[in-house]
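Novice: heads up, no residue letters with this:
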Ligand SMILES: Nc1ncnc2c1ncn2[C@@H]1O[C@H](COP(=O)(O)OP(=O)(O)OP(=O)(O)O)[C@@H](O)[C@H]1O
Ligand SMILES: [Mg+2]
């Protein structure tokens, strides 16, 4: 969540810089810096250059005197947090333009995270939740080269299925000309979509998983031949009326597969093909994974999920596998559960609250798009 603040700070004008210089020659932090001896051999202390306030954060930017570094700030994070009357987890310290940026989270403003309260229309991006820093909708730009394929990971009860059903409901409701393949290994999360018109295949459990994924790969290969004939490099750029539907290949619970098990080796080979070559052929993959570990989500698979919704985990390994940080997602003080997590994509890492969607809404959307609706 603190990434956006650094972006805002970087963009603030020089005029403000000069104005603040005049007002903040000596700053309110002087007492603190003296206490923690944050000064160089000449006695120079950091000088406050800017303060920025948002709806739920406040940020301070300091010069770093010669001889000190950002590490000197970080080493004193506990005392700085106490001075600001904040918990350490609500304070971030980072280096921005060779200056020290201290950001504090203010009391969260409650905004609705109910899917039903929003009106959506975009078919180029899929809403995932509310960005806790900006209170704006956080999206998955599934067509973008730098964001394609989504993994939703977290412990049991963290909100994976809720996030997945919200995403699938949105796809069914708002994205035209699509085809969905579902491998619902737990059989409880997506059966309501079984008879939806754009759902090509719905498999419960591990039924036909090999056949289904190899069909998707075959279709991808056919599409590459077709694109070559059309002299087009990417299906998204094709404007003809005969454009084939965008495909979503969905696996609910990747943990029911294991890259080290003989019977799943072919599945992982095909999954990697879809992840690495699917985008240009108009094929997007979505998976959920409960507390994933390396054998379930090996590096060659993980690296191709360019959008990651990282929910609360109960193991450090899962946290590390998902977001690269062993401690973050297991930290009870930081992670609220219930759809709270970090969305990692080409925009960086942003703290979000995932949309909650009611069962009735899902059923309503599924019924509206039933195959046999008119018969
Ligand atoms: N975005 C959300 N907003 C509010 N509550 C949520 C949200 N997501 C999940 N919850 C709450 O958490 C409960 C568990 O969520 P969910 O079934 O999605 O978890 P899960 O990660 O799929 O668990 P499992 O791995 O056991 O299937 C939900 O019944 C709901 O009460
Ligand atoms: Mg679930």
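Specialist: Good, I have the coordinates. What you are looking at is a predicted structure, and each value in this text was computed from that prediction instead of being measured. Ligands and ions are numbered 1, 2, ... in the order given.

Novice: where's residue 297 relative to residue 259, distance?
Specialist: Residue 297 sits 8 Å away from residue 259, going by CB to CB, to the nearest Å. (C-beta placed from N, C-alpha, C; glycine too.)

Novice: repeat that for residue 370.
Specialist: 37 Å.

Novice: so which of those two has more stuff around it?
Specialist: Ranked by neighbour count (other CB atoms under 10 Å), residue 370 and residue 259 place residue 259 first, with 19 against 13.

Novice: contacting residues around residue 44?
Specialist: Shown here is residue 44, whose contacts under the criterion CB atoms under 8 Å, 6 or more residues apart in numbering are 65-66.

Novice: now it: how far from ligand 1?
Specialist: 48 Å (CB to the nearest ligand atom, to the nearest Å).

Novice: before we move on, what about residue 216?
Specialist: 24 Å.

Novice: which element is that residue on?
Specialist: Secondary structure assigned from DSSP states H and E places residue 216 in helix 209-229.

Novice: chain center to that helix: distance?
Specialist: Here helix 209-229 is found 28 Å from its chain centre; the criterion is CA atoms, centre = their mean, to the nearest Å.

Novice: buried residues, stretch 105-125. List them.
Specialist: 105, 113, 115, 123, 125 (16 or more other CB atoms under 10 Å).

Novice: indicate the residue of the stretch 251-375 of the chain located nearest to ligand 1.
Specialist: Residue nearest to ligand 1 within the stretch 251-375 of the chain (CB to the nearest ligand atom): residue 339, separated by 2.3 Å.

Novice: which phi and psi does that residue have?
Specialist: Phi and psi for residue 339, reported as degrees, to the nearest 10, are phi 90, psi 0.

Novice: okay but it is in contact with residue 310, surely?
Specialist: No: the pair residue 339 and residue 310 fails to qualify as a contact (CB atoms under 8 Å) at a distance of 11.7 Å.

Novice: ok, residue 63 - contacts?
Specialist: Shown here is residue 63, whose contacts under the criterion CB under 8 Å, 6+ apart are 46-47, 49, 99-100.

Novice: in strands, which of the buried residues of stretch 105-125 appear?
Specialist: Among those, the members found in strands (DSSP state E) are residue 105.

Novice: for the stretch 51-200 of the chain, what lies in contact range of ligand 1?
Specialist: Residues of the stretch 51-200 of the chain found near ligand 1, taking CB under 6 Å from any ligand atom as the criterion, are 113, 154, 156-162.

Novice: between residue 297 and residue 259, which contacts overlap?
Specialist: Between them, residue 297 and residue 259 share no contacting residue, judged by CB under 8 Å, 6+ apart.

Novice: next, count neighbours for residue 31.
Specialist: Residue 31 has 9 neighbouring residues, counting by other CB under 10 Å.

Novice: now the helix or strand where it lies: buried residues?
Specialist: Under the criterion of DSSP H and E, residue 31 resides in helix 30-35. Of the residues in helix 30-35, those buried under the neighbour-count criterion (16+ other CB under 10 Å) are 32-33.

Novice: can you name every helix or strand that it contacts?
Specialist: Here helix 30-35 is seen to pack against helix 77-83 when contacts are counted using 3 or more CB pairs under 8 Å, 6 or more residues apart in numbering; DSSP states H and E.

Novice: against which helices or strands is the helix it packs on packed?
Specialist: Counting by 3+ CB pairs under 8 Å, 6+ apart, helix 77-83 packs on helix 30-35, strand 91-96.

Novice: how far off centre is the first one?
Specialist: For helix 30-35, the distance from its own C-alpha centre to the chain's C-alpha centre is 38 Å (CA atoms, centre = their mean).

Novice: after that helix comes which helix or strand?
Specialist: Toward the C-terminus, helix 30-35 is succeeded by strand 48-53 as the next helix or strand (DSSP H and E).

Novice: tell me how far that next one lies from the chain's centre.
Specialist: Between the centre of strand 48-53 and the centre of its chain there are 28 Å (CA atoms, centre = their mean).

Novice: which of the contacts of residue 63 sits closest to ligand 1?
Specialist: Minimum separation from ligand 1 among the contacts of residue 63 (CB to the nearest ligand atom) is found for residue 100, which lies at 34.7 Å.

Novice: just the buried residues of whichever helix or strand that closest one is part of, please?
Specialist: Element membership for residue 100, per DSSP H and E: strand 99-105. Under the neighbour-count criterion of 16+ other CB under 10 Å, strand 99-105 has 99-105 buried.

Novice: now, the most widely separated pair of those residues?
Specialist: Longest distance between any two of the buried residues of strand 99-105 is 20.1 Å, between 99 and 105; criterion CB to CB.

Novice: contact partners for residue 191?
Specialist: Taking CB under 8 Å, 6+ apart as the definition, contacts of residue 191 comprise 184, 202, 204.

Novice: picking that back up, who does the strand holding residue 100 touch, helix- and strand-wise?
Specialist: Under the contact definition 3+ CB pairs under 8 Å, 6+ apart, strand 99-105 sits against helix 3-11, strand 57-62, helix 70-75, strand 91-96.
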